[in-house]
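Student: let's see this in three dimensions:
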Amino acid sequence: MRGEIKLFSILIVTGFIISCTGRHAQKTEQIISEQRNTKLPDSLLRKWKAGIDFSASGNTPVNWNLEADFDKEINFSAGDGSLLRLIPVFTQTQENEQTVYRVTSGDSSLDIILSQSTCFQKDGMAGALAVLIKLGNRQYAGCGRFLFNNQLNDIWVLSSINGVPINRSEFKGKEPSLYFQLESGRVEGFDGCSSFNGKVTVQGNRINFLNLMGFSGPCKNPSIRTILFTHLNNKMVDYRLSQNNLLLYLEDDSKLEFIRKKF
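Tutor: Numbering: from 1, shown residues only. Now for the predicted structure:
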């Protein structure tokens, strides 16, 4: 009888391990698939590696091209002879569901107006934005996209705050985390007490978190919840991704460090 019980217990444990392994393999494949689907074409990948945050082009009313490194300079050229290189001092506003970048440099100014209207580019990749460029009394229409590292598409576990490691034992194996799903523009997370979710867009080396919801319920350690809700929700934060480490630089000059989740 004891032998039968022992055998039954072994079968249950084995089945549990196989089930967990299967779920982990499924999650890994899902993440790899999402990374594959958000991989930039080689031409844009080269621009991203050169520091370009946003690339756009079009042929209305003439062929034109724009490359923006929001930390260094913005270059615009068009077939009508328009040529502009600006050191970016810009404002970003939302106007009628459009994002407007107004760039000024000396006496020169340039408006970059982005909308979520369907826009098709030659690379065939989904997610292109409709772009309208205003330069003086001239207007140029086309498509563009923000460039980013698709390896951000993963599950990231919080490891430290301002260089101080979190006490993982407090969370009993379920540490605060972020799960980016860039193909659908979503982010899911866990604040140490409850789950949350919202929208996310990656704009070069910046991440825009929008409408995060779910920070609720009792919480024994609300400090991390407060940090995430206060400094991520409806905020644009700088990020740096290096292999298996992700750093988020918050508006109060603090930083959160995450490590890529292992399965």
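
Student: quick one: contacts for residue 37?
Tutor: When contacts are counted by CB atoms under 8 Å, 6 or more residues apart in numbering, residue 37 touches residue 183. From N, CA and C alone the C-beta is placed, and that goes for glycine too.

Student: ok, now how distant is it from residue 150?
Tutor: 9 Å (CB to CB, to the nearest Å).

Student: also residue 247?
Tutor: Separation of residue 247 from residue 150 (CB to CB): 18 Å.

Student: for the two, indicate the residue with more neighbours.
Tutor: Using other CB atoms under 10 Å as the criterion, residue 247 and residue 150 rank with residue 150 on top: 19 against 15.

Student: could I get the pLDDT score of the more buried one?
Tutor: Per-residue confidence (pLDDT) for residue 150: 87.

Student: who's in contact with residue 25?
Tutor: Contacts of residue 25 by CB under 8 Å, 6+ apart are residue 263.

Student: just say helix, strand or coil for it.
Tutor: helix (DSSP: H, G, I helix; E, B strand; the rest coil).

Student: residue 259 too?
Tutor: Assignment for residue 259 (three-state DSSP): strand.

Student: show me what it is bridged to.
Tutor: Note on residue 259: beta-bridge partners by DSSP bridges are residue 157, residue 245.

Student: so it touches residue 243, yeah?
Tutor: No: here residue 259 does not reach residue 243: they are 9.9 Å apart, not a contact under CB atoms under 8 Å.

Student: looking at the two, which is more packed in?
Tutor: Between residue 259 and residue 243, residue 259 has the larger neighbour count (other CB under 10 Å), namely 16 against 8.

Student: residue contacts, the more buried one?
Tutor: Listed by CB under 8 Å, 6+ apart, the contact set of residue 259 reads 156, 157, 159, 244, 245, 246.

Student: quick one: which of those is most hemmed in?
Tutor: Neighbour counts for the contacts of residue 259, by other CB under 10 Å, peak at residue 246, which reaches 25 neighbours.

Student: skip the chain neighbours and tell me the closest residue to that one.
Tutor: Counting by CB to CB, 6 or more residues apart in numbering, residue 246 lies nearest to residue 258, which is 4.3 Å off, once chain neighbours are set aside.

Student: ok, the one you found - how many residues close by?
Tutor: With other CB under 10 Å as criterion, residue 258 counts 23.

Student: do you know how far it is from residue 41?
Tutor: Taking CB to CB, one finds residue 258 at 28 Å from residue 41.

Student: can you list the strands that the helix or strand where residue 57 lies pairs with?
Tutor: Element membership of residue 57 [criterion: DSSP states H and E] is strand 54-60. Strand 54-60 sits in its sheet next to strand 64-69 (antiparallel), strand 138-146 (antiparallel), going by DSSP bridges.

Student: ok, and what's touching the helix or strand that contains residue 247?
Tutor: Using DSSP H and E, residue 247 falls within strand 245-249. With contacts defined as CB under 8 Å, 6+ apart, strand 245-249 is touched by 152, 156, 207, 232, 237-241, 255-260.

Student: ok so, going back, only the buried residues of the strand holding residue 57, if you could.
Tutor: Buried residues in strand 54-60, counted by 16 or more other CB atoms under 10 Å: 54, 55, 56, 57, 58.

Student: specify the beta-bridge partners of the last one.
Tutor: Meaning residue 58. Bridge pairing for residue 58 - DSSP bridges - gives residue 64.

Student: state the distance from it to residue 83.
Tutor: Separation of residue 58 from residue 83 (CB to CB): 16 Å.
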